[in-house]
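> When you get a sec, could you give me coordinates for this:
(one chain, ligands or ions: 1)
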Amino acid sequence: MTALTLTGVGHAFFGRTVLSRVSLSIRRGEVVALVGPSGCGKSTLAHIAAGLISAREGRVANHYRRHAMVFQDPRLLPWRGAAGNIAYPLELSGMSRRERDLRVRQSARMVQLEGQDLDKFPVELSGGMRQRVAIARAMAIEPDFVFFDEPFTALDVALKRRMQDLVIAAARHNRFAALFITHDLMEAIRVAHRILVMHHKGQGLVGERIVDGEPGNRDDASIFASMQAFLRSDIAFAHVHDVDERRRT
Ligand SMILES: Nc1ncnc2c1ncn2[C@@H]1O[C@H](COP(=O)(O)OP(=O)(O)OP(=O)(O)O)[C@@H](O)[C@H]1O
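Below is the predicted model:
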């Protein structure tokens, strides 16, 4: 059962091609990481897949009911507390106060937000806490598909791991499918069932790997060994850690 299919997707900004011939398919409940160097077009692809921008070429077929998005910047409303931010999309959907409060509590618990933190405004929360609120807000609408666009890039290593574990647990618990964009191969191997590698100039996908085992059941040694193996044995992975987007021009 497919959740999302892109066929021959291409895009250009102001006449400059940034994506071409990208095709991919994600099954229900499957977490797929999309890796590639900075500037190769990963975010543009996610925006097209989520319907935020229209592709110049190709087709997008969504078979999910409801999607949520989590970005690197948590994008919280500064004048609302954490609970108010989580509740916001539920309010827009017209949900009753009682049901909303229940959903807010459930999704806050999922990302381990404590009672007192729920009253704090974004400015009073740490970067990690703000990102937890953003994840809880995404989970509150009970999505069956989630777009993660480099959600943890700005966080330190220990916090990043904790946040990855939250996503893994939430994906398991809520059984959503996801497209998880990152340029951190280690992160991709931790969170995903499958990894897709994008061409460094957005010209299609150049590699694909199924990661052994289930997300959450892989130990650090096996994650590190997988990363070494991918980097050594597959030329497609060689440019994943390149971060000079100027190479595009
Ligand atoms: N709104 C826009 N207008 C013009 N050019 C854009 C726009 N958005 C992205 N681009 C360009 O398209 C290319 C792909 O950008 P995109 O953000 O999709 O890459 P990315 O792989 O997600 O990069 P990063 O990993 O650094 O976030 C880049 O050259 C970028 O400058």
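
> Near the ligand, which residues of the chain are found?
Counting by CB under 6 Å from any ligand atom, the residues of the chain close to the ligand are 13, 18, 36, 38-44, 150, 183, 245, 248. In this view, the C-beta of every residue, glycine as well, is placed from N, C-alpha and C.

> Which of those residues are buried? Put it as a ChimeraX command.
Of these, the buried ones can be selected in ChimeraX as follows, counting by 16 or more other CB atoms under 10 Å:
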select :18,36,38,39,40,41,42,43,44,150,183
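
> Just flag the most distant two among the residues of the chain next to the ligand.
Based on CB to CB, the longest span within these runs between 13 and 183 and measures 20.0 Å.

> Specify the beta-bridge partners of the residue nearest the centre of the chain.
Nearest residue to the geometric centre of the chain (CA atoms, centre = their mean): residue 148, 1.4 Å. Taking DSSP bridges as the rule, residue 148 bridges to residue 70, residue 180.

> so what's it up against?
Residue 148 makes contacts with 69, 70, 167, 178, 179, 180, 181, 182, as judged by CB atoms under 8 Å, 6 or more residues apart in numbering.

> Quick check: longest helix in the chain by residues?
Assignment by DSSP state H gives helix 157-174 as the longest helix of the chain.

> So what's the gap between that one and the chain middle?
For helix 157-174, the separation from the chain centroid amounts to 11 Å (computed by CA atoms, centre = their mean, to the nearest Å).

> In it, which residues are buried?
159, 160, 161, 163, 164, 166, 167, 168, 170, 171.

> Would you mind giving the residues you listed as JSON lines with pLDDT added?
Formatted as JSON lines, the buried residues of helix 157-174 follow (pLDDT from 0 to 100):
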{"residue": "159", "pLDDT": "84"}
{"residue": "160", "pLDDT": "88"}
{"residue": "161", "pLDDT": "91"}
{"residue": "163", "pLDDT": "88"}
{"residue": "164", "pLDDT": "93"}
{"residue": "166", "pLDDT": "90"}
{"residue": "167", "pLDDT": "92"}
{"residue": "168", "pLDDT": "95"}
{"residue": "170", "pLDDT": "90"}
{"residue": "171", "pLDDT": "93"}
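
> For residue 93, state which of those is nearest.
In terms of CB to CB, no member of those lies closer to residue 93 than residue 170, at 19.8 Å.

> mind checking how far that closest one is from residue 156?
With distances taken as CB to CB, to the nearest Å, residue 170 is found 21 Å from residue 156.

> all helices in the protein, in order from the N-terminus.
Using DSSP H, helices in the chain cover 42-49, 82-92, 97-110, 127-140, 157-174, 185-191, 220-233.

> Domain ranges for the protein, per the record?
2-66+145-248, 76-142 (automatic domain parsing).

> and the last one, how far out from the chain's middle?
By that I understand domain 76-142. Offset of domain 76-142 from its chain centre (CA atoms, centre = their mean): 18 Å.

> Quick one: mean pLDDT over it.
Mean per-residue pLDDT for domain 76-142: 94.

> First-to-last residue distance for it?
This stretch, domain 76-142, spans 19 Å end to end (CA to CA, to the nearest Å).

> Run through the residues that contact the residue of the chain positioned farthest from its centre.
Distance to the chain centre peaks in the chain at residue 98, reaching 29.6 Å (criterion: CA atoms, centre = their mean). For residue 98, the contact set (CB under 8 Å, 6+ apart) is empty.

> One more: the one 10 residues further on?
By CB under 8 Å, 6+ apart, the contact set of residue 108 is 82, 83, 86, 118, 136.
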